[in-house]
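Engineer: coordinates only, sequence not included:
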């Protein structure tokens, strides 16, 4: 995950930084710091990133990687 993906995922869901922090059970300051990070988010605990990913996945967000990292909403079944 990179900072642009993090911001884009929040935008898809219309979540504030506080909303994401609450859903992932991390501090708002952590979200702010991660969103300011240039490029890939690596300078944080794996458990923190996983908590953020899980919050997004539960809300229907899917992260894409490879040649074109991005974010998309999962198709509703």
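Structural biologist: Structure received. Because the structure is a prediction, the values reported are computed rather than measured. Numbering: from 1, shown residues only.
Engineer: how long is stretch 24-40 from one end to the other?
Structural biologist: Start-to-end span of stretch 24-40 (CA to CA, to the nearest Å) is 19 Å.
Engineer: do the same with stretch 22-32
Structural biologist: Stretch 22-32: ends 13 Å apart by CA to CA.
Engineer: List the buried residues for it?
Structural biologist: Judged by neighbour count using 16 or more other CB atoms under 10 Å, the buried positions of stretch 22-32 are 23-24, 26, 30-31. Placement of C-beta: from N, CA and C, glycine included.
Engineer: any idea how far stretch 55-75 is from the chain center?
Structural biologist: Distance of stretch 55-75 from its chain centroid, counting by CA atoms, centre = their mean, to the nearest Å, is 9 Å.
Engineer: pLDDT value on residue 47, please?
Structural biologist: You'll see residue 47 listed with a pLDDT of 88.
Engineer: where does it land in three-state SS?
Structural biologist: helix (DSSP: H, G, I helix; E, B strand; the rest coil).
Engineer: ok, it to residue 9 distance?
Structural biologist: From residue 47 over to residue 9 the distance is 18 Å, taken as CB to CB, to the nearest Å.
Engineer: of the two, who's got more company?
Structural biologist: The residue with more neighbours, out of residue 47 and residue 9 and counting by other CB atoms under 10 Å, is residue 9; that gives 25 against 9.
Engineer: Looking at the buried residues of stretch 22-32, which are in strands?
Structural biologist: Counting by DSSP state E, the buried residues of stretch 22-32 place none of their members in strands.
Engineer: Please narrow these to those residing in helices.
Structural biologist: Among the buried residues of stretch 22-32, the residues falling in helices (DSSP state H) are 23-24, 30-31.
Engineer: Let me have those residues in TSV, adding distance to residue 63 and pLDDT as columns.
Structural biologist: What follows is these, written out as TSV (distance: CB to CB, whole Å; pLDDT from 0 to 100):
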residue	distance to residue 63	pLDDT
23	16	97
24	14	96
30	18	94
31	16	94
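Engineer: so which strand or helix has the residue minimising distance to the centre of the chain?
Structural biologist: Central residue of the chain (CA atoms, centre = their mean): residue 6, 3.6 Å from the mean position. Using DSSP states H and E, residue 6 falls within helix 3-13.
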